[in-house]
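J.: sequence unknown, structure follows:
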C-alpha cells in the first residue's frame, strides 16, 4: 500500500492492476465541492452511496471480494457474471420516506444505487462462484482452477 495519497481523490485502486475496471471519474466529488451550493441536498445524498467500497484478495484457493453494505438485505443486492469474465455487484438503498408528522433534524446515512465491476482472471472457475451476506458484509468467493505444473521428465544421458 502506498504511503503517498493519490492525487485522484484518495482512491485505493491501483492503476497498474489489469483486473480493475475502476476508471478515474473527473466528476467524482463534484457534488461535495464548493461549486455545489446550488445543488439540492437530495442529489448530494444519492451520490454518496454510489461507489460502495470493495476489498479483493487472492488466496491460494480463490479470489475473495468483500463489500460493507450496512443496512441492506441480500434481496437488495445483485451479484452477476457477465460475458467476458466480468463480475458485477450492484444494489440500491432506498431513502426513508418522510411522514407528515415527522421532522428530520439530520440525514447523514446515504441512499442510492451502487455498481461495481471487476474483470476476473483466466484461472477463475466461473461456474462455482458463491456469495453470502452476513451482518451487512457481502462476501463473493470465486474459486480458482488448480495451476497445472508442467511435467518434468528426466532424460537419461547415454554414452
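T.: Yes, it's here. Computed from a predicted model, the values in this text were never measured in an experiment.

J.: check which element follows the lowest-mean-pLDDT helix or strand in the chain along the chain.
T.: Least confident helix or strand of the chain, by mean pLDDT, DSSP states H and E, is helix 41-48 with a mean of 43. Using DSSP states H and E, the helix or strand that follows helix 41-48 towards the C-terminus is strand 54-58.

J.: in that next one, what's buried?
T.: Judged by neighbour count (16 or more other C-beta atoms under 10 Å), strand 54-58 contains these buried residues: 54, 56. C-beta here means a position set from N, CA and C on the backbone, and glycine is covered the same way.

J.: packing partners for that strand?
T.: In terms of contacts (3 or more C-beta pairs under 8 Å, 6 or more residues apart in numbering; DSSP states H and E), strand 54-58 is packed against strand 62-68, strand 112-119.

J.: try it again with 6 Å
T.: When contacts are defined as 3 or more C-beta pairs under 6 Å, 6 or more residues apart in numbering; DSSP states H and E, strand 54-58 packs onto strand 62-68.

J.: quick one: strands adjacent to the helix or strand just after the strand it packs on?
T.: Per DSSP H and E, strand 62-68 leads on to strand 77-82 as the next helix or strand towards the C-terminus. Within its sheet, strand 77-82 is paired with strand 86-93 (antiparallel), according to DSSP bridges.

J.: show residues contacting the strand it pairs with.
T.: With contact meaning C-beta atoms under 6 Å, 6 or more residues apart in numbering, strand 86-93 is reached by 49, 72, 76-82, 111, 113-120.

J.: mind running it again at 8 Å?
T.: 21, 49, 52, 54, 65, 67, 69, 71-72, 76-82, 110-120, 129, 138, 140, 142 (C-beta atoms under 8 Å, 6 or more residues apart in numbering).

J.: residue 69 and residue 89, how far apart?
T.: According to C-beta to C-beta, to the nearest Å, residue 69 stands 9 Å off from residue 89.

J.: tell me, what's touching the two both at once?
T.: Common neighbours of residue 69 and residue 89, using C-beta under 8 Å, 6+ apart, are 52, 77, 138.

J.: so the last one belongs to a strand, correct?
T.: Yes: looking at residue 138 with DSSP: H, G, I helix; E, B strand; the rest coil, it is inside a strand.
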